[in-house]
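Q: just coords:
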């Protein structure tokens with residue numbers, strides 16, 4: 001099993017994960033995301049990730065739509081669904097959880113108040129770690145002077 005998704009209250013296999021073309025995340029790119037990995041099967045620094053998700057959402061006046069406790073429960077349920085459908089290796093391996101919050105479905109308008117209910121998507125898939133050489137020898141990077149929000 002390559003991935004499991006939670007989409008607005010429904011957990012499903014990746015091929016069954018659907019979101020409306022009228023969602024403002026699709027129409028206007030109005031959304032934010034955060035990625036959390038597990039270590040030893042446990043979510044890593046979940047509080048920090050949720051704070052960053054909320055800070056990003058606040059920059060575009062987007063309400064996440066639920067408490068951190070409820071959001072963490074959704075992430076954990078989606079991880080459990082992934083592990084239940086994964087083979088032996090998938091149950092034991094580490095995972096990534098990508099959390100996406102969009103403006104949701106509403107009128108085709110730039111007015112945020114016209115889309116009062118955000119959409120929530122959580123995608124859980126296996127973590128593919130970098131090759132050992134990246135840890136042993138590092139990686140090449142480039143720094144740019146352009147700062148973008």
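A: Nice, thanks for sending it over. Model, not experiment: these values are computed from the prediction.
Q: okay, now residue 53: neighbour count?
A: Per other Cβ atoms under 10 Å, the neighbour tally for residue 53 reads 22. Every C-beta, even on glycine, is put in place using the N, C-alpha and C of the backbone.
Q: And residue 49, by the same measure?
A: Counted with other Cβ under 10 Å, residue 49 comes out at 21.
Q: Please name every helix or strand in contact with the lengthiest helix in the chain.
A: Longest helix in the chain by number of residues (criterion: DSSP state H): helix 68-85. On a contact count with 3 or more Cβ pairs under 8 Å, 6 or more residues apart in numbering; DSSP states H and E, helix 68-85 meets strand 4-7, strand 10-13, strand 42-43, helix 46-59, helix 88-92, strand 95-102, strand 119-126.
Q: between those, which gets nearest to residue 20?
A: Residue 20 lies closest, by Cβ to Cβ, to one member of these: strand 119-126, at 8.1 Å.
Q: Only the buried residues of that closest one, if you could.
A: By neighbour count on 16 or more other Cβ atoms under 10 Å, the buried set for strand 119-126 is 119, 120, 121, 122, 123, 124, 125, 126.
Q: What is the least confident helix or strand in the protein?
A: Taking mean pLDDT, DSSP states H and E as the measure, the chain has helix 88-92 as its least confident helix or strand, at a mean of 62.
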